[in-house]
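Novice: Quick one: sequence plus predicted model below, questions after.
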Amino acid sequence: MPSIEKVRNIGISAHIDSGKTTLSERILYYTGKIHKIEEVKGKSGVGATMDFMDLEREKGITIQSAATSAEWDGHAINLIDTPGHVDFTIEVERALRVLDGAVLVLCGVAGVQSQSYTVDRQMRRYKVPRLAFVNKLDRAGASAERVTAQLKEKLALHPVSVQIQIGAEDRFEGVVDLIKMKAIYFEGESGEDLREAEIPADLVETAQAAHTRMIEAVANVDDILAEKFLTEAPITPEDLVPAIRRATVAFKATPVFIGSAYKNKGVQLLLDGINAYLPMPAEVENKALDQNNHEEPVILLSDASKPFVGLAFKLEDGRYGQLTYMRIYQGKVSKGDFIINCSSNLKRIKVPRLVRMHADEMEDIDTAEAGDIVALFGVDCSSGDTFTDGKVNYTMTSMHVPEAVISLAVEPKEKTAGTNFSKALNRFTKEDPTFRVHRDEESGQTIISGMGELHLEIYIERMRREYNCVVIPGRPQVKYRETITQRGEFSYTHRKQTGGSGQYGKVAGHLEPLPMDHATGYEFVDDIRGGAIPREFIPACDKGFREAMHKGPLIGFPIVGVRCTINDGQSHPVDSSELAFRTAALMGFREAYNRAKPTILEPMMLVEVQFPEEFQGAVIGQLNQRRGAIASTEKHETYVQALAEVPLADMFGYSTDLRSATQGKGEFSMEFKRYAELPKQQRETMILEFRTKKDAGGSSKRAAG
């Protein structure tokens, strides 16, 4: 393996259908990892290397992130191809959590799309420097300039164009490298031969202007280059490349590369850019929490001689048992070593097998060092667990896990498939933190929850294929929430005498709504003065409020967006206990909740629809019928891109309706945007249904008794 200065850990992320997997396939081909290019929806039926699941090849989408490693110009590149569909967003989260840099792929026609915003947010969350690659420039209506402008306007990035295109749309021939000021053409059967030439005469002026703009853009964010620029000293490629690198690593600039992965143009220059501009592991600051020192933050060093620290970021059920993908942050690990799981009871585990992944194939290795991304067999753990060699007791923060927005009741068709059904659910919940399973105690049903219809559909299909278990799904259920709209006071005394010492606790205070942008939160405010409630019982009040918020009285869904303040109370020297105050807070909350004008919130989705212009009336009409609020419509050449906010409850079955209305030419993607208040009529209907169901449940229990 090359030295750590020549290691790059990168992810490829984008909106669905921007060409990520096609780009990954070309990267593998040019780096000599594969010897034949396969397409995502190729005629051969083989499918792209990184989409190795049968379902991925059939649907032509990436469902789970795939890792591989390749070498380019003396650099080792660990690459993760991530899904673009928002239903599989956890795959992007966990990849970006462990990567040092990323390539944001954008479609040259559609530009910045709804999922581009999500990916951008995820990259910012984990402070991942990125390059942008404007793909599909061979398509009608493609424009690198327009997409670069959108990076600035829509994503608030600082784009630095390092190339301009030679020829447009179907006449797209090559690129002008603005650093070397040379024209580059991609020749040979698969674009493997690069030919450098002088810039075509008709482009010289344009290239010169673009070169000047590029220098200005970098000088705006890099002091060293700015000094040279202001003194009007000549600026050479030797000045530019380190300046762009400094600005990219510092998160101040995004170099923009262009090409067409499908037409084999621009990929090798992007690989050069990955080596030149994205950080090596040692340039990224990674922190752990020292469990032996009150969780004091510790900076991990990409040094093989330091104590070993690794993070398990993805689990997969492989042919030989559980496969654990691990990023090594510090130290090294070898086959046969003993490592300790610091996130789970300091369990000591032997590393039986260490492999480097290439999609679903693996290469056995003996040792892996800081900066590596590898996989281990036979290591039982959960996603997000931290491992060390026992010399330190560190844990690392795990990835952000979004809330589920949709649920479905499921049961196996055949009673005999019960064991396989349980096995499948256990495995999928362990592998995917956004896939959740619980049992509804009232109905006795098994409920699965996830990020969207497609997410749950895929798991139901995987149960059938991988576990021979046909599943009958019920109606999808939306994850509603309850909240309050005004302040509500409470003063509750919990008194219980049962012989001997009793229970006594009095709490007083108020509930108030949190602002809508904090609507999924909860705040506890301790405003007790003069010891009205002894300090040791304050946490019990917090616990009581939290317990009350688990299930709201309106429709039985969790309560969110409430600030609970206690400002008075009373205790008894003998009868007061943690249980008494917890019960008093719980009952006080319920008392105030009814006075605080409770309401129901529903999940609103940001829906992006693309369709040919002639179907605009039908598509907009459909969105309006589904209580959608149109945010914007943009026309690109012959098709329209509409953004709307639509309640999730009204989005079921939309894909079928959209296909019918657009002769199969319309596409859409959606992601969770926010919670909003449910209209009054629907609110009343839901409350009535919940009460009827509750009363029926109560009377049947009484009859049974």
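Specialist: Arrived safely.
Novice: after the helix or strand where Tyr185 lies, next one along is what?
Specialist: Tyr185 belongs to strand 182-187 when assigned by DSSP states H and E. Scanning forward in sequence from strand 182-187 by DSSP H and E, the next helix or strand is strand 193-197.
Novice: on that earlier part again, which strands and helices lie in contact with the strand holding Tyr185?
Specialist: For strand 182-187, the packing partners by 3 or more CB pairs under 8 Å, 6 or more residues apart in numbering; DSSP states H and E come out as strand 174-177, strand 193-197. All C-beta spots, glycine's among them, are computed from the backbone N, C-alpha and C.
Novice: which stretch among the ones you listed comes nearest Phe581?
Specialist: Closest approach to Phe581 among the helices and strands packed on strand 182-187 is made by strand 174-177 (69.1 Å; CB to CB).
Novice: so what strands line up beside that closest one?
Specialist: strand 163-166 (antiparallel), strand 182-187 (antiparallel) (DSSP bridges).
Novice: Low-confidence bits of the stretch 201-350 of the chain, can you list those?
Specialist: 318-320 (pLDDT under 70).
Novice: and the end-to-end length of stretch 7-27?
Specialist: Chord length of stretch 7-27, first to last residue, is 16 Å (CA to CA, to the nearest Å).
Novice: Repeat that for stretch 184-197.
Specialist: 6 Å.
Novice: Show me what it is in contact with.
Specialist: Residues from elsewhere that reach stretch 184-197 (CB atoms under 8 Å, 6 or more residues apart in numbering): 26, 29-30, 37, 166, 173-177, 180, 182-183, 263-269.
Novice: could you redo the last one with a cut-off of 7 Å?
Specialist: With CB atoms under 7 Å, 6 or more residues apart in numbering as the test, stretch 184-197 has contacts from 29-30, 37, 173-175, 177, 182-183, 264-265, 268-269.
Novice: again with stretch 297-307
Specialist: Here stretch 297-307 has contacts from 4, 281-282, 285-290, 309, 329-332, 369-371, 388-389, 391-392, 394, using CB under 7 Å, 6+ apart.
Novice: switch the cut-off to 6 Å
Specialist: Contacts to stretch 297-307, defined as CB atoms under 6 Å, 6 or more residues apart in numbering, come from residues 4, 281-282, 286-288, 290, 309, 329-332, 369-371, 389, 391-392.
Novice: Which entries within the residues you listed meet the buried criterion?
Specialist: Buried members of the contacts of stretch 297-307, counted by 16 or more other CB atoms under 10 Å: 4, 281, 286, 288, 309, 329-332, 369-371, 389, 392.
Novice: Tell me which of the residues you listed fall in strands.
Specialist: For those, membership in strands holds for Asn286, Ala288, Val309, Tyr329, Gln330, Lys332, Glu369, with DSSP state E as the criterion.
Novice: For the third one, which non-adjacent residue is spatially closest?
Specialist: This means Val309. Gln330 (4.3 Å; CB to CB, 6 or more residues apart in numbering).
Novice: do the first one as well
Specialist: If the residues on either side of it in the chain are set aside, Asn286 comes closest to Leu300, at 4.6 Å by CB to CB, 6+ apart.
Novice: if we can go back for a sec, okay, the contacts of stretch 184-197 in TSV with distance to Ala70 and neighbour count next?
Specialist: Formatted as TSV, the contacts of stretch 184-197 follow (distance: CB to CB, whole Å; neighbours: other CB atoms under 10 Å):
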residue	distance to Ala70	neighbour count
Tyr29	10	21
Tyr30	9	20
Ile37	14	20
Glu173	27	16
Gly174	23	24
Val175	22	25
Asp177	22	20
Lys182	25	14
Ala183	27	20
Asn264	17	21
Lys265	19	25
Gln268	12	22
Leu269	16	21
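Novice: from those, which single one is nearest Thr692?
Specialist: For the contacts of stretch 184-197, the nearest to Thr692 is Ile37 (60.0 Å; CB to CB).
Novice: which SS state does that closest one fall under?
Specialist: coil (DSSP: H, G, I helix; E, B strand; the rest coil).
Novice: least trustworthy helix or strand in this structure by mean pLDDT?
Specialist: helix 54-59 (a mean of 58; mean pLDDT, DSSP states H and E).
Novice: Next secondary structure after it?
Specialist: strand 66-72.
Novice: And for that next one, what's in contact with it?
Specialist: 31, 33, 50, 77-81, 271, 356-359.
Novice: Which is the succeeding secondary structure element to it?
Specialist: Heading C-terminal from strand 66-72 (DSSP H and E), you reach strand 75-81.
Novice: in stretch 657-667, what's buried?
Specialist: Quick answer for stretch 657-667 (16+ other CB under 10 Å): Leu658, Ala661, Thr662, Gly666, Glu667.
Novice: Give me the distance between the last one and Val405.
Specialist: Right, Glu667. Plainly put, Glu667 is 20 Å away from Val405 if you go by CB to CB, to the nearest Å.
Novice: Would you mind measuring from the residue nearest to Asn286 to Phe251?
Specialist: With CB to CB as the criterion, Leu300 and Phe251 are 19 Å apart.
Novice: which of those two has more neighbours?
Specialist: Legend: neighbour count by other CB atoms under 10 Å for Leu300 and Phe251, higher for Leu300 (23 against 16).
Novice: which one is Arg353 nearest to, not counting chain neighbours?
Specialist: Phe377 (4.1 Å).
Novice: Also Tyr262?
Specialist: Leaving aside its sequence neighbours, Tyr262 sits nearest to Thr22 (CB to CB, 6+ apart; 5.5 Å).
Novice: same check, this time on Ser343
Specialist: Nearest to Ser343 is Asp385, by CB to CB, 6+ apart, at 4.1 Å.
Novice: Report the contact partners of that neighbour.
Specialist: Asp385 touches Ala312, Asn341, Ser343, Ser344, counting by CB under 6 Å, 6+ apart.
Novice: Just the buried subset of those, please.
Specialist: Ala312, Asn341, Ser343.
Novice: hang on, the second one packs against Lys347?
Specialist: This points to Asn341. Yes. Between Asn341 and Lys347 there is a contact under CB atoms under 6 Å: 4.6 Å.
Novice: give me the element Tyr459 is part of.
Specialist: Using DSSP H and E, Tyr459 maps to helix 453-467.
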